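J.: compute the structure for the input listed below.
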Amino acid sequence: MTRVDSYLTFNGNCREAMTFYKNCFGGELFFQTVDGSPLSEKMPEEMKNCILYASLTKDDLVIMATDMVGEKGLHIGNQISLSLRCSSKTEIEIYFAKLSDGGTIEQPLEDSFWGGIFGGVTDKFGNHWILSFNKNKYAN
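T.: Numbering: from 1, shown residues only. Okay, here's the model as predicted:
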């Protein structure tokens with residue numbers, strides 16, 4: 001089965017961001033720094049503590065991230081949206097509240113025309129989240 005997982009790029013605050021997401025969703029958090037990796041010898045000293053790879057996993061939720069910014073630089077904002085499909089009204093409300101802490105609510109949670117609850121938030125790291133709960137899918 002094909003699926004889409006998110007991969008976020010940060011500019012030195014990957015550890016802080018991924019720890020924030022772990023506090024929002026729970027799950028297993030893993031970090032690999034540049035130091036101790038095969039790239040360590042090729043990188044300047046100031047990059048040794050940067051996150052080469054991070055992952056947060058909880059059931060089917062996977063968020064991957066890095067501090068390794070490409071040559072063109074990092075442009076935080078609308079270049080990526082993360083779609084979070086929730087399995088209950090309670091879950092969407094909890095995640096929405098946690099993600100909006102320190103961020104900006106773009107669209108409050110509200111009933112949608114397709115029979116779900118939908119909302120959008122930009123978190124305090126500039127990443128846009130689209131949250132949805134399909135009430136019809138979970139109806140008896």
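
J.: could you chop the protein up by domain?
T.: 6-66, 81-134 (automatic domain parsing).

J.: ok, the residue nearest to the spatial centre of the chain to Tyr7 distance?
T.: The centre of the chain sits closest to Ile63, judged by CA atoms, centre = their mean, with a distance of 5.6 Å. Distance from Ile63 to Tyr7, counting by CB to CB, to the nearest Å: 8 Å. Any C-beta I mention is one placed from the backbone N, CA and C, and that applies to glycine too.

J.: going by neighbour count, list what's buried in the helix or strand of the chain with the lowest mean pLDDT.
T.: Least confident helix or strand of the chain, by mean pLDDT, DSSP states H and E, is strand 81-86 with a mean of 86. Using 16 or more other CB atoms under 10 Å as the test for burial, strand 81-86 gives Leu82, Leu84, Cys86.

J.: just put those residues in CSV and tack on distance to Gly70.
T.: Output for the buried residues of strand 81-86, formatted as CSV (distance: CB to CB, whole Å):
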residue, distance to Gly70
Leu82, 20
Leu84, 26
Cys86, 32
